[in-house]
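**Student:** Sequence plus the predicted model coming up.
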Amino acid sequence: MGLHHGHSHDHGHTHGKGANKKALLISLCITTTFLIIEVIGGFLTNSLALLSDAGHMLSDSSALFLSLIAMYFASKPPSPAKTYGFYRFEILAALINGVTLVLISLYIFWEAIERLAAPPEVSSLSMMGIAFVGLLANIAAAFVLMRGDYKNNLNMRSAFLHVLGDMLGSVGAIAAGFLMWMFGWYIADPIISIVVGVLIMISAWRVTKESVNVLMEGTPSSIDTQKVSETLGMIAGVTYVHDLHIWTVTSGFDALTVHLEVKDDLPSYPVLQEALHVLRDQFGITHATVQIENSAVRHDEMMCQIGPGLDAHDHSHDHAHDHSHPAHKHEHD
């Protein structure tokens, strides 16, 4: 009586995909253009604040470029070798972006500490002008990205955070330029650079942590595993809930597998339907695989960990028991 069921998740995942791609492409063009201007300007004016902003803009461009590549791969259809397709490439792109940001911020810290000891002179007026143009570019890029699905898509959000952090970098560079122009405080350049570096590091940590959680098959932060287990256990006829796994395939696509032990004399399909409705309506999980079992199932053979609480172990048993449970059903997207 092992029953498997999967619902289509396409409606949630494909939402805004075309808009996302267009937004990323426009933002990439904007940031790449002004990145070149800021790099040249940073060397000409001898400003670390401007160069750190340019360094962040470089990470913006690579982030946006990676995100576009990720979208291309994610749209490729699943194959027998890759049953989920290339959805995870989006998460890999977000992880690479996060790590890149950490490295850039560390470089800024290193350079700024050296400059604190002996602040070099900076062409402050020219620097302010270039930083202002960079700020306008960032505002334009952020506005374009906001029109995409940046709230629900980790890949889009990582790109948006790059641009947002870069915007703060431009504001910092303008402020440093003003202090140097008005008061000759050349130490403002490395100080502002460190502030920008900290802001970059914070956004990098968030994106990296979230993407690592997805790659480690961690439970989505929006879902309480214990509550899911308890709710499924309250379904009429269910005597035991175990082997519960909830993970994120990619942004906006959560998946779940669970074993439900029911009373031996009960028909299993009503329990299955009830479980699927509960998961969809209460937790928003539409891609679920629910296995209904009776007391005859040998859990030790399937590597199921029977005991109090929730367990985490190898998924490999999911295939091993299919032959002994003839009544199962698959639905593919």
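**Tutor:** Here it is on my side, so go on.
**Student:** In the protein, where's the longest strand?
**Tutor:** In the chain, assigned by DSSP state E, the strand with the most residues is strand 238-250.
**Student:** Can you mark which positions in that one are buried?
**Tutor:** Buried positions in strand 238-250, judged by neighbour count with 16 or more other Cβ atoms under 10 Å: Val238, Val241, His242, Asp243, Leu244, His245, Ile246, Trp247, Thr248, Val249, Thr250. C-beta here means a position set from N, CA and C on the backbone, and glycine is covered the same way.
**Student:** and which of these is nearest Thr289?
**Tutor:** His245 (9.3 Å; Cβ to Cβ).
**Student:** what helices or strands is the helix or strand containing Ile113 leaning on?
**Tutor:** Under the criterion of DSSP states H and E, Ile113 resides in helix 88-117. In terms of contacts (3 or more Cβ pairs under 8 Å, 6 or more residues apart in numbering; DSSP states H and E), helix 88-117 is packed against helix 48-74, helix 154-183, helix 188-215, strand 238-250.
**Student:** Show me the one of these that comes nearest Ala288.
**Tutor:** strand 238-250 (9.3 Å).
**Student:** Any figure for the gap between His287 and Leu215?
**Tutor:** 18 Å (Cβ to Cβ, to the nearest Å).
**Student:** So for those two, which sits in the more crowded spot?
**Tutor:** His287 (20 against 15; other Cβ atoms under 10 Å).
**Student:** and the residue lying farthest from the centre of the chain, what are its phi and psi?
**Tutor:** Using Cα atoms, centre = their mean, the residue of the chain lying farthest from its centre is Asp265. It sits 44.7 Å away. With angles defined as degrees, to the nearest 10, Asp265 sits at phi -90, psi 0.
**Student:** in which helix or strand would I find Ala288?
**Tutor:** Per DSSP H and E: strand 287-293 holds Ala288.
**Student:** Give me the sheet partners of that strand and which way each runs.
**Tutor:** Strands adjacent to strand 287-293 in the sheet, as given by DSSP bridges, are strand 253-262 (parallel).
**Student:** what's the angle between the strand holding Ala288 and strand 238-250?
**Tutor:** Interaxial angle, strand 287-293 versus strand 238-250 (axes from the mean of the first three to the mean of the last three Cα atoms, to 10 degrees): 160 degrees.
**Student:** chain center to strand 287-293: distance?
**Tutor:** 27 Å (Cα atoms, centre = their mean, to the nearest Å).
**Student:** Poorly predicted segments of the stretch 101-250 of the chain, please.
**Tutor:** 150 (pLDDT under 70).
**Student:** Look up the closest residue to Ala131, ignoring the ones flanking it.
**Tutor:** Ala173 (3.7 Å; Cβ to Cβ, 6 or more residues apart in numbering).
**Student:** For that neighbour, which residues are in contact?
**Tutor:** For Ala173, the contacting residues are Ser47, Ala49, Leu50, Ser52, Asp53, Met127, Met128, Ala131, Gly134, Ile192, Val196, by Cβ atoms under 8 Å, 6 or more residues apart in numbering.
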